[in-house]
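In: From the sequence below, what's the structure:
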Amino acid sequence: MNEHDQDSFDPVDRVLGALDSVLDVVHDRFVRPLLIVTRWIAFGFLLFALTLVVLVAGTIGLIRFSDIFVFQGYVWLSYLVVGALFLLTGLIIWRFRRPVAARKS
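Out: Numbers count the residues shown, from 1 in each chain. Predicted structure coming up:
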């Protein structure tokens with residue numbers, strides 16, 4: 001009997017090989033999809049936070065720009081114009097809404 005035949009009948013190798021196979025199956029079927037979903041959720045939160053920061057900074061920049069260069073000191077007029085832009089944007093978005101029954105199809 002050579003050493004290769006003796007290794008193939010080793011019960012520890014068989015148990016560890018079976019455990020490795022089970023862990024591979026668990027990882028491929030459960031852990032990997034869970035990691036992918038959590039990664040997408042994390043990237044979604046980061047994208048949402050980045051978008052929120054850009055929108056707030058853009059709004060502040062638009063108010064500052066209009067206060068300094070357009071209306072020169074009339075801050076209330078800057079707020080009025082930016083508020084009117086937000087109102088117009090909201091009305092446009094509201095115009096394209098669909099009823100609940102049409103959203104499902």
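In: give me the element Gln72 is part of.
Out: In this assignment (DSSP states H and E), Gln72 forms part of neither any helix nor any strand.
In: Kindly tell me how buried it is, as a neighbour count.
Out: Applying other C-beta atoms under 10 Å, we find 10 residues neighbouring Gln72. C-beta: built from backbone N, CA, C; applies to glycine.
In: From Thr89, how far out is it?
Out: Plainly put, Gln72 is 25 Å away from Thr89 if you go by C-beta to C-beta, to the nearest Å.
In: what's the answer for Ile41, then?
Out: Distance from Ile41 to Thr89, by C-beta to C-beta: 28 Å.
In: Look at Val81 and say how many residues are nearby.
Out: Neighbours of Val81 (other C-beta under 10 Å): 16.
In: My error: substitute Ile63 in the last question.
Out: Neighbours of Ile63 (other C-beta under 10 Å): 16.
In: Low-confidence stretches in the chain?
Out: For the chain, the stretches flagged by pLDDT under 70 are 1-8, 103-105.
In: most centrally placed residue in it?
Out: With distances taken as C-alpha atoms, centre = their mean, Gly44 lies nearest the centre of the chain, 0.7 Å away.
In: Thanks a lot, see you next time.
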